[in-house]
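Visitor: One predicted model, sequence on top.
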Amino acid sequence: MQIRRKQLTGLSVAMIFGVACVSAFAQTAALPAGVFATVNGQPLSDALLEVNVAANVTQGRADTPQLREVIKNELVGREVLAQEAQKLKLDQTGQAQAQMAQLQQNFLANLLLNHYNTTNPVTDAAIKAEYDAFLKNVKGAKQYQLGLIVVPTEARAKEIIAEIGKTKDKGLFAKLAADESIDASRADQGKLDWLLPEQMLPAVGNVVANLSEGRVSAVPIQTRAGWNVIRVDGIRDFAPPPMADIESQLRQAATQKQLSTYIQKLQSEAKITQ
């Protein structure tokens, strides 16, 4: 589980301004080895700094002296606030203790799972097994090319189905999609890429699998996006991609399966009382 940072720190503008001013009043003094600053005698380690630098680099920021100075000031500012919170004993309330326990629990759980993934990389055999299972699942599968019109109301969707059913104008569907659809596919007159039923929302896939080429859904299909009118424009046999083309997805699936097995093993061996 990863926590996404907002920009550099997630601090408010006012707080950033305050933190940025810390260095202006900082005292110059010799620091212990491995420490970039102290706050009321409490050392802030170089390791803490490097963790934060690495997090920013992961987000695409360059590791520069300017970035490091900003992060140092932020960490110093946070330590000032943390010490004041402790001084006021805000960390001693039941709610605060529970929140800190949860943070520690999440951190340790993620630390373990990352360690397991690093020390137990999936094998080529596991990836091949995932590919074989994939081939078995898609054997005989069909792909569908769809036309899609999404409108806000069921009433309008029913009207569109009726209009399409009464005309021999094959271009009407594309025109209505371009003019009225609220889906992004309107830019391509409602045309979608080739899809397996499993790649569609279940409400859509279940209907599409029972439509022949050229047919329009008899009734609108409701999804979160709105009311969908579907037309099957093409049907073809699905040609599975070579294993090399989807190796990253297969590796991820194998990793998740291996991780799930590991978690289940730990839980089965634990003494749990509820």
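Guide: Received, thanks. Numbers count the residues shown, from 1 in each chain.
Visitor: Please, which helix or strand holds I182?
Guide: For I182, there is no enclosing helix or strand under DSSP states H and E.
Visitor: How about it, nearest residue that isn't a chain neighbour?
Guide: Leaving out its chain neighbours, the residue that sits closest to I182 by C-beta to C-beta, 6 or more residues apart in numbering is V150, at 5.2 Å. C-betas here are computed from N, CA, C, even on glycine.
Visitor: State the distance from the one you found to N210.
Guide: Using C-beta to C-beta, to the nearest Å, V150 is found at 20 Å from N210.
Visitor: Next: P32.
Guide: Separation of P32 from N210 (C-beta to C-beta): 73 Å.
Visitor: which one of the two has more residues nearby?
Guide: Neighbours were tallied for P32 and for N210 using other C-beta atoms under 10 Å; the higher tally belongs to N210 (11 against 8).
Visitor: can you give me phi and psi for the more buried one?
Guide: Main-chain torsions, N210, degrees, to the nearest 10: phi -110, psi 10.
Visitor: Check what pLDDT it gets.
Guide: On pLDDT, N210 comes in at 92.
Visitor: cool, V22 as well?
Guide: Reported pLDDT for V22: 52.
Visitor: Contacts only, for the residue nearest to I182.
Guide: By C-beta atoms under 8 Å, 6 or more residues apart in numbering, the contact list for V150 reads S181, I182, D183, T223, A225, G226, W227, N228, V229.
Visitor: As a check, name the ranges of all helices in the stretch 151-274 of the chain.
Guide: For the stretch 151-274 of the chain, applying DSSP state H, counting those that start in this stretch gives helices covering 154-166, 172-180, 202-208, 247-269.
Visitor: I misspoke; the intended subject was the stretch 1-150 of the chain.
Guide: So, for the stretch 1-150 of the chain - with DSSP H, counting those that start in this stretch - the helices run 13-20, 22-25, 46-58, 65-87, 94-119, 124-138.
Visitor: can you put those helices in JSON lines and add distance to I235?
Guide: Listed next are the helices of the stretch 1-150 of the chain as JSON lines, based on distance: least, C-beta to C-beta, whole Å:
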{"stretch": "helix 13-20", "distance to I235": "56"}
{"stretch": "helix 22-25", "distance to I235": "66"}
{"stretch": "helix 46-58", "distance to I235": "44"}
{"stretch": "helix 65-87", "distance to I235": "54"}
{"stretch": "helix 94-119", "distance to I235": "40"}
{"stretch": "helix 124-138", "distance to I235": "15"}
